[in-house]
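1. I'd like to go over a predicted model; first the sequence, then the structure.
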Amino acid sequence: MRVLIFHGYMLRGTGSNIYNVNLAPALARLGHEVHLLCQDREVRIPGVQIHNPDIGGLLPVYVKDPYPGFEVKTFDELTDAELDRYIDANVVAVREVAAKAGGIDAALANHLVMGPAILARADVAPFAAKIHGSALEYTVKPHPRFLPHAYEGMEAAQGVLVGSAHTGESLWAALPELADLREKTRLGPPGVDVEEFSPGEAGREPLVVFVGKLIVSKGVDLLLAAWPLVRARHPGVRLQVAGFGAYEDGLKRLAAALDRGDLEDARAVAAAGWGLEGGEEKPLPILSAFLADPPAGYAEAARAAARSVEWIGRLEHDEVAGLFPRADAMVMPSTFPEAFGMVAVEGASCGALPISAGHSGMREVSERLAHALPEEVAPLVSFPVEPGAVEAIAGRLNRWLDLPETTRAEARATLVEEVARLWSWEGVARGVLDAAAGNLGGLPVPAP
């Protein structure tokens, strides 16, 4: 089969980028001719033909980040003329690729907007739509201007894939006027390369890691506030923060305030909240509540934890695969819905205990892993995002680090085995093709 994938962004980083850079070669390994449309001009994938539509240098995004060589605007910042030019340029590119390939048999559009609308207008093949959380939560839901594009794409898609039941519920609520949307939605979580993300032989260190965007909604502030409580009980453990984003300066200011034991400045960071990311000032309620009445001796514990946090910047995907096998645990503390706990799955595949926020797609991953874990470990993989979340993160890390090494080794082996059993990219690829053809009977239905 000749398969076309439309993805408007890079093929590096996290989330939808990693989904596509792994899905495309999985389809090629299954024997298909794969055409991937994206804006990445550097990555080469064996067996995959990469095409870069000419969008004129203006790159619309869901969350503002710098991309060298592009003028970057969030979708809601685009004028109507800019949006139309972007869509039209991609429609032309899709049709050109299809013509040169001699036709396309099946296609996949990524994100709720604008990929599905683009494939609907190009009309080159039946297609499935893969819903990643960012377009749904950051663009369509807060900006009704984009609802017509979302309806257009979802109406044309043969099947709609979501990473979790939570994302399905959010999608259906956002587009209530599309009668058959629920009926053609199926679970289609991302996969993991279990050979790349493996325990390895590097040796485990007393190390906890965070990997992700440094934006307010990722909840890194909660982990930083919890860290002194972990170091007070385990003085040798270190924290590495991998990522980049608009809230990086705010997080580093919070970390510096804690290192000084300056709780007043830490409270000021919590009070400014979203304002330190460049938006309107809006307090961080969980962090503010914790800092308003911290445990006795917290300021001293924070000073003692100084220099145990390392900011290691943006990592490429293969570098993340080298980081997780060294870590005792990883924390995914997002306060905003996540379509799927991909980073947690990758950490688990390497034997690092994933401690994730207990909501949305992250909770669904945690629940599936917890079923297989020893009873003393199972409750540690998830925590509620509510007042007390800072103490909950610290408590789970401390309980994990307190366990005998034999128990932790058993849990690590179980995590590795469960990821290999539950998620693989070839399985994901077959599900995408079924969804594109409208063959939905064998695909799992999102269930709460």
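-> Nice, I can see it.
2. Mind giving me the packing neighbours of the helix or strand containing residue 4?
-> Mapping residue 4 onto the secondary structure by DSSP states H and E places it in strand 2-6. Taking 3 or more CB pairs under 8 Å, 6 or more residues apart in numbering; DSSP states H and E as contact, the helices and strands that strand 2-6 lies on are helix 16-29, strand 33-37, helix 80-101, strand 106-110, helix 115-122. Yep, even glycine has a C-beta here, placed from its N, CA and C like the rest.
3. quick one: strands adjacent to the fourth one?
-> Paired with strand 106-110 in the same sheet, following DSSP bridges, are strand 2-6 (parallel), strand 127-131 (parallel).
4. Compare those and report which one is nearest to residue 174.
-> strand 127-131 (10.0 Å; CB to CB).
5. Specify the angle between the strand holding residue 4 and strand 33-37 in degrees.
-> Taking axes from the mean of the first three to the mean of the last three CA atoms, to 10 degrees, one finds strand 2-6 and strand 33-37 inclined to each other by 20 degrees.
6. Pull the residues that contact strand 2-6.
-> Under the contact criterion CB atoms under 8 Å, 6 or more residues apart in numbering, strand 2-6 has outside partners 20, 23-24, 27, 32-37, 90, 94, 97-98, 101-110, 115, 118-119, 124-125, 127, 433.
7. Quick one: buried ones out of those residues?
-> Taking 16 or more other CB atoms under 10 Å as the criterion, what is buried in the contacts of strand 2-6 is 20, 23-24, 27, 32-37, 90, 94, 97-98, 101, 104-110, 115, 118-119, 124-125, 127, 433.
8. low pLDDT regions in this structure?
-> In the prediction, the chain carries residues with pLDDT under 70 at positions 14, 448.
9. per-domain residue ranges of it.
-> What automatic domain parsing lists as the domains of the chain is 2-191+424-437, 207-422.
10. Adding distance to residue 199, write those domains out as JSON lines.
-> As requested, these are arranged in JSON lines below (distance: least, CB to CB, whole Å):
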{"stretch": "domain 2-191+424-437", "distance to residue 199": "17"}
{"stretch": "domain 207-422", "distance to residue 199": "4"}
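11. So for residue 201, which of these sits nearest?
-> Nearest of the domains of the chain to residue 201, taken as CB to CB: domain 207-422 at 8.2 Å.
12. What's the end-to-end length of the closest one?
-> Criterion CA to CA, to the nearest Å; first-to-last residue distance in domain 207-422 is 26 Å.
13. just to revisit the earlier point, show me the one of the helices and strands packed on strand 2-6 that comes nearest residue 209.
-> Judged by CB to CB, the one of the helices and strands packed on strand 2-6 that comes nearest to residue 209 is helix 16-29, at 16.7 Å.
14. Would you indicate which residues of the closest one are buried?
-> Residues of helix 16-29 classed as buried by neighbour count (16+ other CB under 10 Å): 16-28.
15. next one: stretch 148-157
-> For stretch 148-157, burial by neighbour count (16+ other CB under 10 Å) applies to 149-157.
16. any chance of those in CSV, plus distance to residue 388?
-> Supplementary listing: the buried residues of stretch 148-157 in CSV, determined by distance: CB to CB, whole Å:
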residue, distance to residue 388
149, 40
150, 36
151, 40
152, 43
153, 40
154, 38
155, 43
156, 45
157, 41
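17. which of these lies closest to residue 174?
-> The shortest approach to residue 174 among the buried residues of stretch 148-157 belongs to residue 150, at 7.2 Å (CB to CB).
18. ok, which pair from the buried residues of helix 16-29 is furthest apart?
-> With distance counted by CB to CB, no two of the buried residues of helix 16-29 lie farther apart than 16 and 28, which are 18.8 Å apart.
19. sorry, back to before: in a markdown table: the buried residues of stretch 148-157, plus secondary structure and distance to residue 305.
-> As requested, the buried residues of stretch 148-157 are arranged in a markdown table below (DSSP: H, G, I helix; E, B strand; the rest coil; distance: CB to CB, whole Å):
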| residue | secondary structure | distance to residue 305 |
| --- | --- | --- |
| 149 | helix | 47 |
| 150 | helix | 45 |
| 151 | helix | 50 |
| 152 | helix | 51 |
| 153 | helix | 48 |
| 154 | helix | 48 |
| 155 | helix | 53 |
| 156 | helix | 53 |
| 157 | coil | 49 |
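20. which one among the residues you listed gets closest to residue 386?
-> The nearest member of the buried residues of stretch 148-157 to residue 386, counting by CB to CB, is residue 150 at 30.6 Å.
21. Could you check how far the closest one is from residue 310?
-> In this structure, residue 150 lies at 41 Å from residue 310, with CB to CB, to the nearest Å as the measure.
22. for residue 141, same thing?
-> 36 Å.
23. Those two - which one has more neighbours?
-> residue 141 (18 against 13; other CB atoms under 10 Å).
24. Identify the residues contacting that one.
-> So, once contact is read as CB under 8 Å, 6+ apart, residue 141 ends up touching 170, 174.
25. 7 Å instead?
-> Remark: with contacts taken as CB atoms under 7 Å, 6 or more residues apart in numbering, residue 141 is in contact with residue 174.
26. winner for burial among the strands paired with strand 106-110?
-> Most buried of the strands paired with strand 106-110, by mean neighbour count (mean count of other CB atoms under 10 Å): strand 127-131, with a mean of 30.
27. from the middle of its chain, how far away would that one be?
-> 17 Å (CA atoms, centre = their mean, to the nearest Å).
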